[in-house]
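Visitor: Sequence first, then the predicted structure, then my questions.
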Amino acid sequence: MYMLISHDKYELPLAVADTINELAKMLGKNPNTISSIMCHARRKGHWCRYIKVEG
């Protein structure tokens, strides 16, 4: 599951989708862009507003 979360201490889900493609379509973004943002944030240890929830 992939989520767009709020940028505050609560990190509330703003958009939730089963796949990165569904999330991208909901937000009007390219799936590769979201994936790239997530990868760069993870590599550099930064906070990211897109997250993948394992479950």
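Guide: Looks like it arrived, so ask away. Numbering: from 1, shown residues only.
Visitor: Pull out the buried positions in stretch 44-55.
Guide: By neighbour count on 16 or more other C-beta atoms under 10 Å, the buried set for stretch 44-55 is 48, 50-51. (C-beta placed from N, C-alpha, C; glycine too.)
Visitor: Give me the pLDDT for residue 43.
Guide: Among the per-residue scores, residue 43 holds a pLDDT of 97.
Visitor: tell me which element it is part of?
Guide: For residue 43, the element it lies in under DSSP states H and E is helix 31-44.
Visitor: List the buried residues for that helix?
Guide: In helix 31-44, counting by 16+ other C-beta under 10 Å, buried: 31, 34-35, 38.
Visitor: which secondary structure elements does it contact?
Guide: helix 20-27, strand 50-52 (3 or more C-beta pairs under 8 Å, 6 or more residues apart in numbering; DSSP states H and E).
Visitor: For residue 2, which of the ones you listed is the nearest?
Guide: Closest approach to residue 2 among these is made by helix 20-27 (4.5 Å; C-beta to C-beta).
Visitor: where does that closest one sit relative to the chain's centre, distance-wise?
Guide: Distance of helix 20-27 from its chain centroid, counting by C-alpha atoms, centre = their mean, to the nearest Å, is 10 Å.
Visitor: go on, stretch 16-24?
Guide: 9 Å.
Visitor: For that stretch, measure first residue to last.
Guide: 10 Å (C-alpha to C-alpha, to the nearest Å).
Visitor: shift numbering so it begins at 14
Guide: Happy to do that; since the first residue is 14 now, the last one works out to stretch 29-37.
Visitor: for that stretch, which positions count as buried?
Guide: 30, 33, 36-37.
Visitor: Let me know the closest of the residues you listed to residue 18.
Guide: residue 36 (11.5 Å).
Visitor: Name the nearest residue to the closest one, sequence neighbours excluded.
Guide: Using C-beta to C-beta, 6 or more residues apart in numbering and skipping the chain neighbours, the partner closest in space to residue 36 is residue 30 (3.9 Å).
Visitor: Touching the helix holding residue 56 from outside, list them.
Guide: For helix 44-57, the external contacting residues (C-beta atoms under 8 Å, 6 or more residues apart in numbering) are 15, 33-34, 36-37, 40, 59-61, 63-65.
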